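Colleague: Predicted model and sequence follow; I will ask about them next.
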Amino acid sequence: MRLQLLSLSALPIFAAASMNEQMVLPSPNIGPGEPFVPVTYSDKPSLADLLTIETSASIFYSYARETELSKLFTDKDARTTLLVPTNKAVIALPRKPHEGPAPIQEGVILSEAEFDDLSKRNVERWVSAHIIPMSPISLTSPGEYATLLEGKNVTVTLAEHGDADAPEWARVVIDGTVHLTARKVASNGVMYVLDGTISVD
């Protein structure tokens, strides 16, 4: 009995010794005595990181996460320009993104599955219209840029009475009415915050 108690009491000692003697294998890319440094792709956050902390645009990100397009936001090889409307801009829409630009025709009855599928397609179209598949883009002169929504381009013009001392991006107007309120650079693109939304009509 005494031997059993001695054996049990010694277990924590052996466990601690075992843990203390564990070895951390060095990386094959560093020499002896050199500290381990994690490998990172960039010192900048990804577009997904920026969207996560941008509370003023959380509605857009909620919609985007419902689609496969959101994978672009974490793709380190993607070069994407995001046109992100504020929550206030989305709330002001007469018809929300999942509802689509036009109401369902009178007399048309959809099943729950059909309605869900239509809502998903509406969201994907809306999110696509806010993504330009290239970055950076030039804002020094008027021009057009194709979005991921087929057939949808956004026009870029310079405000006539913009502040000459403001940053270049702050003097830009999208589609004639939408202004840029913030610009944030990510490791895989650039995010512009908008005071309006891109129309998909």
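Modeller: Now that the structure is in, tell me what you want to look at. These numbers come from a predicted model, not from an experiment.
Colleague: Identify the residues contacting Arg121.
Modeller: By C-beta atoms under 8 Å, 6 or more residues apart in numbering, the contact set of Arg121 is empty. Heads up, the C-betas are built off the backbone N, CA and C, glycines and all.
Colleague: Next, give phi and psi for it.
Modeller: phi -70, psi -40 (degrees, to the nearest 10).
Colleague: how near is it to Ser62?
Modeller: 17 Å (C-beta to C-beta, to the nearest Å).
Colleague: who's in contact with the helix or strand harbouring Thr181?
Modeller: If you go by DSSP states H and E, Thr181 is part of strand 178-186. Strand 178-186 is contacted from outside by 44-47, 49-50, 54, 86, 159, 167, 169-170, 172-174, 190-198, using C-beta under 8 Å, 6+ apart.
Colleague: repeat that for 6 Å
Modeller: Where contact means C-beta atoms under 6 Å, 6 or more residues apart in numbering, the residues beyond strand 178-186 that reach it are 44-47, 50, 169, 172-173, 191-196.
Colleague: Val173 and Leu93, how far apart?
Modeller: From Val173 over to Leu93 (counting by C-beta to C-beta), the distance is 19 Å.
Colleague: Same question for Ser58.
Modeller: 15 Å.
Colleague: now the spatially most central residue of the chain: how far from Glu144?
Modeller: Closest to where the C-alpha atoms of the chain average out (C-alpha atoms, centre = their mean) is Ala48, at 3.4 Å. Distance from Ala48 to Glu144, counting by C-beta to C-beta: 27 Å.
Colleague: cool, Ala113 as well?
Modeller: Taken as C-beta to C-beta, the span from Ala113 to Glu144 is 38 Å.
Colleague: How are the helices of this protein distributed by residue range?
Modeller: For the chain, the helices defined by DSSP state H cover 2-20, 47-53, 58-64, 87-91, 112-128.
Colleague: Now the weakest link among those helices, please, by mean pLDDT.
Modeller: Across those, helix 2-20 has the smallest mean pLDDT, namely a mean of 42.
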